[in-house]
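Colleague: need a 3D model of the sequence below.
(one chain, ligands or ions: 2)
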Amino acid sequence: MINVEDLTKTYGKLEVLKGISTTVEQGEVVAIIGPSGSGKSTFLRCLNLLEMPTGGRIAIDGVELTDPKTDITRIRQNIGMVFQHFHLFPHMTVMDNLTFAPMRVKGLSKEEARAKGYMLLERVGLKDKADVFPSKLSGGQKQRVAIARSLAMDPEIMLFDEPTSALDPEMVKEVLAVIRDLASTGMTMLIVTHEMKFAREAADTIYFLDGGRLIEKAEPERFFSKPQSERAARFLEQVL
Ligand code: ADP
Ligand code: MG
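Modeller: Residues are numbered from 1 along each chain as shown. Ligands and ions are numbered 1, 2, ... in the order given. Next comes the predicted model:
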């Protein structure tokens, strides 16, 4: 579904991605781990062209992202992204956050968008929060709304960049449960995370990035029990 070939990204003289190649299958759940500054966020952001790659190619469903003829807006609609800081619209209720883009971009009627909104709120356990403003929610609740808002656009792919890093410990679980549930529905997902237990249990594949390179790509059991590279072994020693 996603095909990445020799992806590079530089900022001025700084080479942040040094030639990443990989393929993500439909329904695959990838956990991306690695030290701070290794290029994890940049990699995710290149996948939906929040950053323009410097070199290489990315194809999604066979469509070349960097081809000038490609309709980037349509591709982006197909890819949901959830950030560390939730980026909800603060002046809108939870329901309005959920219905805004589906009505504006997908042309859903208000009734259709709200029906879908309620269904998604139920799915993330927040049906009773439809009419409150984001400022009244806990961090965990905000992040669950942010996930529901992404899902309201019916994406084929979901990208998560450290979705639980800004949360108090007691709220991490409720957000991971929602992501785990989504994984079980067959959604294609790439998740940058520091939650090693979650990565081990929920991912099909672990990507270990270091210094802008995809150093290891492995099944969780193998990666965590027997990392192949010295760098991954050292990283795991520090975080486990
Ligand atoms: P990670 O998410 O793994 O912590 P990032 O992808 O955020 O790593 O960053 C990788 C490197 O690229 C870091 O050295 C960071 O400072 C640099 N970087 C990221 N974004 C920019 C930018 N917009 N301009 C310049 N340097 C950047
Ligand atoms: Mg990052």
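
Colleague: can you show me the strands along this protein?
Modeller: 2-11, 14-24, 29-33, 55-60, 63-64, 79-82, 157-161, 188-192, 205-210, 213-218 (DSSP state E).

Colleague: any idea which of the ones you listed has the lowest pLDDT on average?
Modeller: The stretch with the lowest average pLDDT out of those is strand 63-64, scoring a mean of 92.

Colleague: tell me which parts of the chain are close to ligand 2?
Modeller: 40-41 (CB under 5 Å from the ion). No exception for glycine: its C-beta is placed from N, CA and C like everyone else's.

Colleague: check which residues of stretch 111-120 are buried.
Modeller: For stretch 111-120, the neighbour count (16 or more other CB atoms under 10 Å) marks 113-114, 116-117, 120 as buried.

Colleague: oops, could you answer that again for stretch 32-39 instead?
Modeller: Within stretch 32-39, judged by 16+ other CB under 10 Å, the buried ones are 32-35, 38-39.

Colleague: what's the end-to-end length of stretch 58-74?
Modeller: 15 Å (CA to CA, to the nearest Å).

Colleague: may I see the buried residues of it?
Modeller: Those would be 58-60, 65-66, for stretch 58-74 by 16+ other CB under 10 Å.

Colleague: roughly how far out does that stretch sit from the chain middle?
Modeller: Put simply, stretch 58-74 sits 19 Å off its chain's centre (CA atoms, centre = their mean, to the nearest Å).

Colleague: list the contacts for residue 201?
Modeller: Residue 201 makes contacts with 180, 220, as judged by CB atoms under 8 Å, 6 or more residues apart in numbering.

Colleague: how far away is it from residue 181?
Modeller: 13 Å (CB to CB, to the nearest Å).

Colleague: now swap in residue 100 and tell me
Modeller: For residue 100 relative to residue 181 (CB to CB), the value is 24 Å.

Colleague: was I right to think residue 59 contacts residue 66?
Modeller: No: assessed by CB atoms under 8 Å, residue 59 is found out of contact with residue 66, at 9.2 Å.

Colleague: from this protein, which residue is nearest to ligand 2?
Modeller: Residue of the chain nearest ligand 2, by CB to the ion: residue 41 (3.2 Å).

Colleague: what sits against the residue lying closest to that residue once chain neighbours are set aside?
Modeller: Leaving out its chain neighbours, the residue that sits closest to residue 41 by CB to CB, 6 or more residues apart in numbering is residue 161, at 5.4 Å. When contacts are counted by CB under 8 Å, 6+ apart, residue 161 touches 40-41, 44-45, 81-84, 192.
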